[in-house]
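Trainee: Please find the sequence and the predicted model below.
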Amino acid sequence: MNATDIKKQILYKIIEIIDNRIESTKIALAAAKESRDNETKCSVGDKYETSRTMMQLEVEKNRVLLNQTLNIKNKLTQININKKHDQIEFGSLVNTNHEKYFIAFAVGKIEIGNEQYYCISMVSPVGNLLKDKKVNDTIKFQGKEITILEIA
């Protein structure tokens, strides 16, 4: 399987994970709004206001999370899987002497065929070390010397 096919499959799986997060967040947001809107005023005014405030905070938290997740999906759809990378950047598929990485967003390990790829972000500890590196460059991470063998 060539690098473009691998990137395509990884990207498909990441988008599937992100779509699930979006759906879960929409459900949580709707539930929080419903709870807030159905709160009935009791005789103790402060208790009612505190409860509504807490529910409104939950609504806002879910709204922010939804917007962040939608932004992630938007950035993922902008990855050009056909682009050849001379150095490691967002959208790179990286083969090292230890692991294989797809640089996009941190969603963990994804299996394509019999190979495992770690989907990491540029701001992760290893992603930060790999940023802008080229083939044959070496980094040290968790006591291991990692050599970049290929960038696609």
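Mentor: Nice, thanks for sending it over.
Trainee: Give me the next element, helix or strand, following the lowest-mean-pLDDT helix or strand in the chain.
Mentor: Least confident helix or strand of the chain, by mean pLDDT, DSSP states H and E, is helix 45-77 with a mean of 87. The helix or strand immediately downstream of helix 45-77 is strand 93-96, counting by DSSP states H and E.
Trainee: what's the angle from the next helix or strand after that following strand to helix 45-77?
Mentor: Proceeding N to C from strand 93-96, the next assigned helix or strand is strand 100-104, under DSSP H and E. Here strand 100-104 runs at 120 degrees with respect to helix 45-77, directions being taken by axes from the mean of the first three to the mean of the last three Cα atoms, to 10 degrees.
Trainee: Restricting to C-alpha, output strand 100-104 in PDB.
Mentor: Only the C-alpha atoms of strand 100-104 are listed here, as PDB (Å, rounded to 0.1, in the frame of the first residue of the first chain):
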ATOM      1  CA  LYS A 100       5.100   5.300  12.400                       C
ATOM      2  CA  TYR A 101       3.400   8.600  12.900                       C
ATOM      3  CA  PHE A 102       0.700  10.700  11.200                       C
ATOM      4  CA  ILE A 103       1.000  14.300  12.200                       C
ATOM      5  CA  ALA A 104      -2.500  15.800  12.600                       C
END
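Trainee: how about low-confidence regions in the chain?
Mentor: Scanning the chain for pLDDT under 70 picks out 39-48.
Trainee: Show me the domain layout of it.
Mentor: Per automatic domain parsing, the domain ranges recorded for the chain read 3-77, 93-151.
Trainee: Need the distance between the two termini of the longest one.
Mentor: Right, domain 3-77. Using Cα to Cα, to the nearest Å, the end-to-end distance of domain 3-77 comes to 17 Å.
Trainee: Please name every helix or strand in contact with the least confident helix or strand of the chain.
Mentor: Other helices and strands packing on helix 45-77, by 3 or more Cβ pairs under 8 Å, 6 or more residues apart in numbering; DSSP states H and E, are helix 3-38. C-beta: built from backbone N, CA, C; applies to glycine.
Trainee: quick check: angle from the helix it packs on to strand 100-104?
Mentor: When the same axes, to 10 degrees is applied, the directions of helix 3-38 and strand 100-104 differ by 50 degrees.
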